Each structure stands twice: as structure tokens, then as C-alpha cells.
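Asks: Provided below for reference: sequence and predicted model.
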Amino acid sequence: MLRKGKLPPIRITTKMRLGRKACTFITHFEPFHLSADMLAEELRRACASATSVDSLPGKNAGMEVMVQGKMASGVKAWLLKKGIPKNWIVEEDLTTKKK
């Protein structure tokens, strides 16, 4: 799907869910010709963790892949192995407590 404007980088976000459980979310991967189902299946094997696919809120917002656990480094390594340039991957860790 072609869109006008700047291409957003792939975003890897780690958040705390249900108290103490960390999850890693991957978004904005569609412009790089990665499908959500294929990405979830490959990351399930690469990270040895459970994955799920969900749609982002909003019209034509895209898909989101969730990997259980703090797997940002494993996801980034997998994306780099697939040929995604390092400057098109943004990592964000929201698990630390704010002071």
C-alpha cells in the first residue's frame, strides 16, 4: 500500500503488562514487506517465546506483533539479519519506573 509522507521506522517497544509481565511490541513493519503472521511465526521460533498478532486502533493503522518477555534485542537482531537497516529500527523500553 502506497502512502504519502515520511516512512515511519519499525518500532520495538517493551512494556509491562498485568503488573510484572513484560511484553515486546513490534509495529510499522508493513512498508518493509513483512507480514504480521510471518513475523509472529519467525519471532516465536527465534525468541523461543509466545507471540500474538493484533490490529492497531484506527483506520488503516496497521498490525502489531506481541512477543512475551523482554525480547527487544532478539527482535532487533532478527530484523538486522533479514536486511532491515539499523537506522530504520527504533527501540523503546517503557518497563523502567519513572521517578
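Replies: Here it is on my side, so go on.

Asks: I'd like the mean pLDDT over stretch 41-50, please.
Replies: Stretch 41-50 carries an average pLDDT of 93.

Asks: Now do the buried residues in that stretch.
Replies: Using 16 or more other Cβ atoms under 10 Å as the test for burial, stretch 41-50 gives 43-44, 46-47, 49. For glycine as for every other residue, the C-beta is placed from the backbone atoms N, C-alpha and C.

Asks: contacting residues around it?
Replies: Stretch 41-50 is contacted from outside by 26, 51, 65, 67-69, 71, 74-75, 78, using Cβ atoms under 8 Å, 6 or more residues apart in numbering.

Asks: can you rerun that using 7 Å?
Replies: Contact partners of stretch 41-50, identified using Cβ atoms under 7 Å, 6 or more residues apart in numbering, comprise 51, 65, 67-69, 71, 74-75, 78.

Asks: Next: stretch 62-80.
Replies: The contact list for stretch 62-80, computed with Cβ under 7 Å, 6+ apart, reads 10, 12, 14, 22-28, 30, 36, 39-40, 42-43, 46-47, 49-56, 86, 89, 91, 93, 95.

Asks: Please report the distance of Asn60 from Glu30.
Replies: Using Cβ to Cβ, to the nearest Å, Asn60 is found at 10 Å from Glu30.

Asks: More neighbours: the two, which one.
Replies: Neighbours of Asn60 and Glu30, each counted by other Cβ atoms under 10 Å, are more numerous for Glu30; the result is 16 against 7.

Asks: Run through the protein and note the low-pLDDT ranges.
Replies: Scanning the chain for pLDDT under 70 picks out 1-4, 97-99.

Asks: related to what we said a few turns ago, take the contacts of stretch 41-50 and write them to a markdown table, including neighbour count and distance to Leu18.
Replies: Output for these, formatted as a markdown table (neighbours: other Cβ atoms under 10 Å; distance: Cβ to Cβ, whole Å):
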| residue | neighbour count | distance to Leu18 |
| --- | --- | --- |
| Thr51 | 23 | 17 |
| Val65 | 26 | 18 |
| Val67 | 26 | 15 |
| Gln68 | 16 | 11 |
| Gly69 | 15 | 13 |
| Met71 | 23 | 17 |
| Gly74 | 18 | 21 |
| Val75 | 23 | 21 |
| Trp78 | 18 | 25 |
